[in-house]
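Student: got a predicted model here, sequence first, then my questions.
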Protein chains: 2
Amino acid sequence: MENHKELQEKANLVRKWCLRSTTAAGSGHPTSCLSAADLTTVLFDKYFNYDLNNPLNLHNDRFVLSKGHAAPLLYTLFGMAGAYPLEETLSLRKFDSRFEGHPTPKFIYAEASTGSLGQGLSVGAGLALLAKREHIDNKTFILLGDGELAEGQVWEAANFAGYHRLDNLIAIADINRLAQSGPTMFGHDLEKYADRFRAFGFEVIEIDGHNLQAIDDAFQQAMSKQQGKPVAIIAETIKGKGISFLEDKEGWHGKTLDEAQLEKALAELGAIDDELRFHLKAPTTTLLPVHSNGIASINLPFNKEETYPTREVFGLAITELGKDHKNIYVLDADVKNSTFTLDFLNAFSERFVECFIAEQNMVSVAVGLSRLGKIPVVATFAAFLTRAADQIRMARVSEANIKFVGSHVGVSIGEDGPSQMGLEDIALFGTLPNTVIFQPAEAVSTAKLTALMVDHHGMVYMRTLRSKTPLLYDDQEVFEIGGSKLLRQSSEDQLTIAATGVTVFEALKAADQLKEEGIYVRVLDCYCICPIDKTTLLNCIAETLYPILITVEDHFAHGGMGDFATAAVTSSERTLQVKKMAVSHISRSGKMEELLEDAGISASAIVNMVRSSIPVPITP
Amino acid sequence: MENHKELQEKANLVRKWCLRSTTAAGSGHPTSCLSAADLTTVLFDKYFNYDLNNPLNLHNDRFVLSKGHAAPLLYTLFGMAGAYPLEETLSLRKFDSRFEGHPTPKFIYAEASTGSLGQGLSVGAGLALLAKREHIDNKTFILLGDGELAEGQVWEAANFAGYHRLDNLIAIADINRLAQSGPTMFGHDLEKYADRFRAFGFEVIEIDGHNLQAIDDAFQQAMSKQQGKPVAIIAETIKGKGISFLEDKEGWHGKTLDEAQLEKALAELGAIDDELRFHLKAPTTTLLPVHSNGIASINLPFNKEETYPTREVFGLAITELGKDHKNIYVLDADVKNSTFTLDFLNAFSERFVECFIAEQNMVSVAVGLSRLGKIPVVATFAAFLTRAADQIRMARVSEANIKFVGSHVGVSIGEDGPSQMGLEDIALFGTLPNTVIFQPAEAVSTAKLTALMVDHHGMVYMRTLRSKTPLLYDDQEVFEIGGSKLLRQSSEDQLTIAATGVTVFEALKAADQLKEEGIYVRVLDCYCICPIDKTTLLNCIAETLYPILITVEDHFAHGGMGDFATAAVTSSERTLQVKKMAVSHISRSGKMEELLEDAGISASAIVNMVRSSIPVPITP
């Protein structure tokens, strides 16, 4: 054991910069940093192997700050490791600073954006799982707060880490007793947390989180072979530790010291050698993520006479793509037989991750995989992606390159009823800036869009259908981000119907029926919902007899394709009318046809809408 | 102990109807019903007290089917109790049936809509907590599947039940080893589940879930005084129990028997007296929820010279309303000092529910409270309501009367950065049919809208602001659902700016600046985002020189107020242009003013937008 005096001085230097940077910022959470200063100082000083020049070196250890509000601690630790001058952290929370209020990708050493609590253990589990799968001998450390241990996702992650025997994962729980608005559920009753982690399959070490020797011993023990178990170090700590007027005091969460208080605090820390630094050992080898190159193309043989459920086609396609694209990882939440990712499991079990029924953890595990260059494909029922809405939001903030596939969209699923219907999913993904949303209506487009999805760097969401649909396209057809396909078009078109997914077929049926009455309408397959094909929509409005656009979708009325289309066509001045046909009430159990009718998005509803939209001809 | 033979026959009669109804439906989950048939038969035959004529009688015991896909079991149990002829359950999953694929409010005996897994224990915890708070001596039983025990929310709920010492709650875990797509994480290793529940504060009883005597003993034990601990009965069961070709077999989840298989199965069940029924004991007293009557009015004294953060005004208002409205319950996830529900806690601690940092459980607990006539007010950061998106969705399917308040909306929160910014919340609530969304910009409207929110039956969401804003209205001003306020108006208005929340002040600043240049614009405060004030919007477009509508909001561009406004004004044919100003990229840390500028929703951005929108006058 090295000199404790120097180690303590380093810990106090960490404290000093956490206090200085938050006071400079005028906001932040200094006391949440102070409770973990000793724990992380020992970690960075003695155990953390990292190549500062290559944050993505797969051999690096990983440090995930789950309690994201302790961001100044993270910034101080890497500054103390020599990544940048510590003075730079005084720009904390300023507009142009990489040191944001909570970690974001602007800080390249952050494994993920955190700040919505309870997500870090899952991200760490993703990183640790990847190391296991790729036979890399490193450790993943996750610093958790005690307040966030009430979040269910932490226990989804613990379950996952225990189940997958992630003995390269070390969770450090900073039990400082005080949350934002008062004491935590269990205060300093460490046994409560120890029992929980043990029950979820962890090796548990309980310590005084301010005793440097105990901390060192704990890491020593945690680093040694754990026989298939992840480790949790449960540390009793004091919020604000080191500063008498902050220690264990309520009312100091998210509060910073003023200049006078700072001076007093720094005096309490005593004389510190400001030149003390951590000297991280870099791994002896460098292994960087390998990105796939080139456009993925795919050609699956479809029979023109047959019908296919697009969810099944997706399963075939992602498995086919998996042959060349070794970065594809597929994640499931116990619906692989419904989303058809079962095919991928059968072909590439080493790149399949069973997450069981725990969607939140699944998404944050994918964030971890994405961090190290993998292309995670997360597939479940569209309805159940809402379970992970916050994790998806944070994945976007993390700039994660995740592909989401939601099956069983809309009322068209039929008998299972409203709890299983994905009717908010376009809104969920559509709000997140620069997310691409596909909804292929049939097999050919599904296969091609699956390839496009994998190739595109950035978040992509694809909706798939439960029931079978006939082919609309042949193998030569080209699909693109921002594209659409005109399926019916004539010089006599009176208006345009923009449909997507299952409603494309309803629109086609309606168009055929109307044609018999002598009413020609244009039908557009909006297979790409976001970005929507503005040019084609505008052309349609300009070229049809009436400037009427009817949008039809199996999604709730607000936040769906109709709103994307409407926004596109109203952005410059023109005369028009948009009729948004979508689901406007909670659906029920029933046959698909009954429910499309009930929701007012069936062929007959479209026919009626077209008839009522066309101005009555003036009889001479 | 009563005659086991008859009890076994009753259990088999339950099995018979679960099989018959699912075969009639042609879809459903018969094997998931069969594993729990013995457990629930003993419960309904001997322990479950319930007044079928008054499902809402507060003295009733409560039965929550968390594993919602076992709905046919629920329907059979209440049929066997005499609520309706069992033959009626043959309408299962049909369009007009109250027996939906998963329970919904159409089935009045369902305590909540389930089917998205892992939510029932939370709903039950809400029901049990209410009984505790109102000193009602009943029991709440929750039937859980083993697959759903991987959902983090279950452990949030367990944590909550343990913490609040809900010894009137009995969880029954049906450990049948098989989930949808394969075996569960832990198969029949009951200890894994027992350890987990014990660690979370439960008294645990492990049994063979098909041994009627053991089941009876377990309930007996569970019903006796539990000294402050909730109880979990962990039952080893067999999926498909009772039918040889279904028992413990993979590939039978969500699959029904054909007629021939049904015949074979019923033969295996042997001779059954079809007249056997449960005879539920009704509570001796009837106590029904009391609904508040009359319009809540509120008058808080505000000083015209002062500025107020609307979140703080909400705290004052809900506390003031709490005096007369005894049904108001306030729920918090450890941010009460930020949302200002702390005021309510201080005034009415008996109607305040601290849920700690576990938003999913908080929302489903609220569903339980709402079921029995309470008006739950769920308040947290708007960003963190996304954590419970699935629970909010299911609350809507449950027709729960919950009031949601999201604070810290938009980039205007400043330094904390993107993880803390509520920018998807309008989309989240706006997609759900018939949800009312308010965003008051200042104190007076906040107080009045808080009263309106409480009075309105149905889901309401209100956004509150972090920073202070000046008053816009005086005490006499009237606000209504679907309303808006014209803040600037003249006969020379060239176009209209519709703003909401913090952007109202940016729009006013812009209008004042433009006025100095001789450009008059109309400014509308859209305090009600959904339903939006279509009439006023249309009038504005008709009355201004140009048919240009500029919408400005501190929310992501898709799914926000702008989309509601655009949909409203394009629903019939007219000439117009809509410029949607909203947040279009991930924000960062910085000062509020910097971030409004960066997001392009500041006063100066509005000024530029107006200038560039007005056609250049043709110089003669």
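Tutor: Thanks, I have it.

Student: quick one, helices of the stretch 101-250 of chain A?
Tutor: All helices of the stretch 101-250 of chain A, identified by DSSP state H, counting those that start in this stretch, fall at A:120-133, A:152-163, A:190-199, A:212-223.

Student: save the ones you listed as a markdown table, and put in mean neighbour count too.
Tutor: Heads up, the C-betas are built off the backbone N, CA and C, glycines and all. Conversion of these to a markdown table gives the following (neighbours: other CB atoms under 10 Å in any protein chain shown):
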| stretch | mean neighbour count |
| --- | --- |
| helix A:120-133 | 28 |
| helix A:152-163 | 29 |
| helix A:190-199 | 22 |
| helix A:212-223 | 19 |
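
Student: so which of those helices comes closest to residue B:516?
Tutor: Distance to residue B:516, taken as CB to CB, is lowest for helix A:120-133 among the helices of the stretch 101-250 of chain A, at 51.2 Å.

Student: give me the mean pLDDT for the closest one.
Tutor: Helix A:120-133 carries an average pLDDT of 98.

Student: now that helix, how far from the centre of its chain.
Tutor: Computed by CA atoms, centre = their mean, to the nearest Å, the chain-centroid distance of helix A:120-133 equals 15 Å.

Student: next, the buried residues of the helix or strand hosting residue A:264.
Tutor: Mapping residue A:264 onto the secondary structure by DSSP states H and E places it in helix A:259-269. Neighbour counts over helix A:259-269 (16 or more other CB atoms under 10 Å in any protein chain shown) mark A:261-262, A:265-266, A:269 as buried.

Student: where's residue A:139 relative to chain B, distance?
Tutor: 24 Å (CB to the nearest CB, to the nearest Å).

Student: again, but for residue A:545
Tutor: Summarising the geometry, the distance separating residue A:545 from chain B, computed by CB to the nearest CB, is 13 Å.

Student: list the residues that contact the residue lying closest to residue A:17 once chain neighbours are set aside.
Tutor: Closest residue to residue A:17 in three dimensions, ignoring its sequence neighbours and counting by CB to CB, 6 or more residues apart in numbering or on different chains: residue A:76, at 4.2 Å. With CB atoms under 8 Å, 6 or more residues apart in numbering or on different chains as the criterion, the residues that contact residue A:76 are A:14, A:17-18, A:21, A:33, A:86, A:89.

Student: now the residues you listed as CSV including neighbour count, secondary structure and pLDDT?
Tutor: Written out in CSV, the entries for the contacts of residue A:76 read as follows (neighbours: other CB atoms under 10 Å in any protein chain shown; DSSP: H, G, I helix; E, B strand; the rest coil; pLDDT from 0 to 100):
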residue, neighbour count, secondary structure, pLDDT
A:14, 30, helix, 98
A:17, 24, helix, 98
A:18, 30, helix, 98
A:21, 29, helix, 98
A:33, 31, helix, 98
A:86, 21, helix, 98
A:89, 26, helix, 98
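
Student: max pairwise distance over those residues: which two?
Tutor: The two members of those with the most space between them (CB to CB) are A:33 and A:86, at 13.9 Å.

Student: in JSON lines, list the helices of the stretch 101-250 of chain A along with distance to chain B.
Tutor: Converted to JSON lines, these look like this (distance: least, CB to the nearest CB, whole Å):
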{"stretch": "helix A:120-133", "distance to chain B": "10"}
{"stretch": "helix A:152-163", "distance to chain B": "2"}
{"stretch": "helix A:190-199", "distance to chain B": "4"}
{"stretch": "helix A:212-223", "distance to chain B": "21"}
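
Student: neighbours around residue A:109, how many?
Tutor: Applying other CB atoms under 10 Å in any protein chain shown, we find 19 other residues in the vicinity of residue A:109.

Student: and the closest residue to residue A:484 other than its chain neighbours, what's its pLDDT?
Tutor: Of all residues beyond its chain neighbours, the one nearest residue A:484 is residue A:533 (3.8 Å), with distances taken as CB to CB, 6+ apart. For residue A:533, the pLDDT comes out at 98.

Student: surely residue A:533 touches residue A:527?
Tutor: No: in this structure residue A:533 lies outside contact range of residue A:527 using CB atoms under 8 Å: 9.2 Å.

Student: joint contacts of the two?
Tutor: Between them, residue A:533 and residue A:527 share the contacting residues A:483-484, judged by CB under 8 Å, 6+ apart.

Student: give me the low-pLDDT residue ranges for chain A?
Tutor: Where chain A drops to pLDDT under 70, the residues are A:1-3, A:225-226, A:293-295, A:617-620.

Student: please report the distance of the residue nearest to residue A:17 from chain B.
Tutor: Going from residue A:76 to chain B by CB to the nearest CB gives 17 Å.

Student: could you do residue A:456 as well?
Tutor: Applying CB to the nearest CB, one obtains 18 Å for the distance of residue A:456 from chain B.

Student: check contacts around that residue.
Tutor: For residue A:456, the residues meeting the contact criterion (CB under 8 Å, 6+ apart) are A:436, A:481.

Student: can you map out the helices along the stretch 401-550 of chain A?
Tutor: Defined through DSSP H, counting those that start in this stretch, the helices belonging to the stretch 401-550 of chain A, from first to last, are A:425-430, A:443-455, A:503-516, A:534-543.

Student: okay, these, which one's buried deepest?
Tutor: Each of these was assessed for mean neighbour count using mean count of other CB atoms under 10 Å in any protein chain shown. The highest is helix A:425-430, with a mean of 29.

Student: which residues of the stretch 1-150 of chain A lie near chain B?
Tutor: A:25-28, A:68, A:93-95, A:97, A:100-102, A:104, A:106, A:113-118, A:147-148, A:150 (CB under 8 Å from any CB of the partner chain).

Student: out of these, which are buried?
Tutor: A:25, A:27-28, A:68, A:93-95, A:97, A:100-102, A:104, A:106, A:113-118, A:147-148, A:150.

Student: can you tell me, leaving aside adjacent residues, what's nearest to residue A:42?
Tutor: Leaving aside its chain neighbours, residue A:42 sits nearest to residue A:215 (4.4 Å; criterion: CB to CB, 6+ apart).

Student: check which helix or strand the residue lying closest to residue A:339 once chain neighbours are set aside maps to.
Tutor: Counting by CB to CB, 6+ apart, residue A:379 is the residue found nearest to residue A:339 once chain neighbours are left out, at 4.2 Å. Here residue A:379 is covered by strand A:375-381, with elements defined by DSSP H and E.

Student: off-centre distance for that strand?
Tutor: Relative to the mean C-alpha coordinate of its chain, strand A:375-381 is positioned 10 Å out (CA atoms, centre = their mean).

Student: list the contacts of the helix or strand following that strand.
Tutor: If you walk from strand A:375-381 toward the C-terminus, the next helix or strand you reach (DSSP H and E) is helix A:382-385. When contacts are defined by CB under 8 Å, 6+ apart, helix A:382-385 is touched by residues A:333, A:335, A:359, A:378, A:392, A:404, A:406-409, A:419-423, A:425, A:428, A:463, B:116, B:390, B:393.

Student: go with 7 Å
Tutor: In this structure, residues lying in contact with helix A:382-385 by CB atoms under 7 Å, 6 or more residues apart in numbering or on different chains are A:333, A:359, A:392, A:404, A:406-409, A:420-422, A:425, A:428, A:463, B:116, B:390.

Student: what's the answer for stretch A:7-26, then?
Tutor: A:28, A:30, A:33-34, A:37-38, A:41-42, A:45, A:72-73, A:75-77, A:79-80, A:86, A:89-90, A:92-93, A:212, A:242, A:256-257, A:259, A:262, A:265-266, A:269, A:272-274, A:276, B:415.
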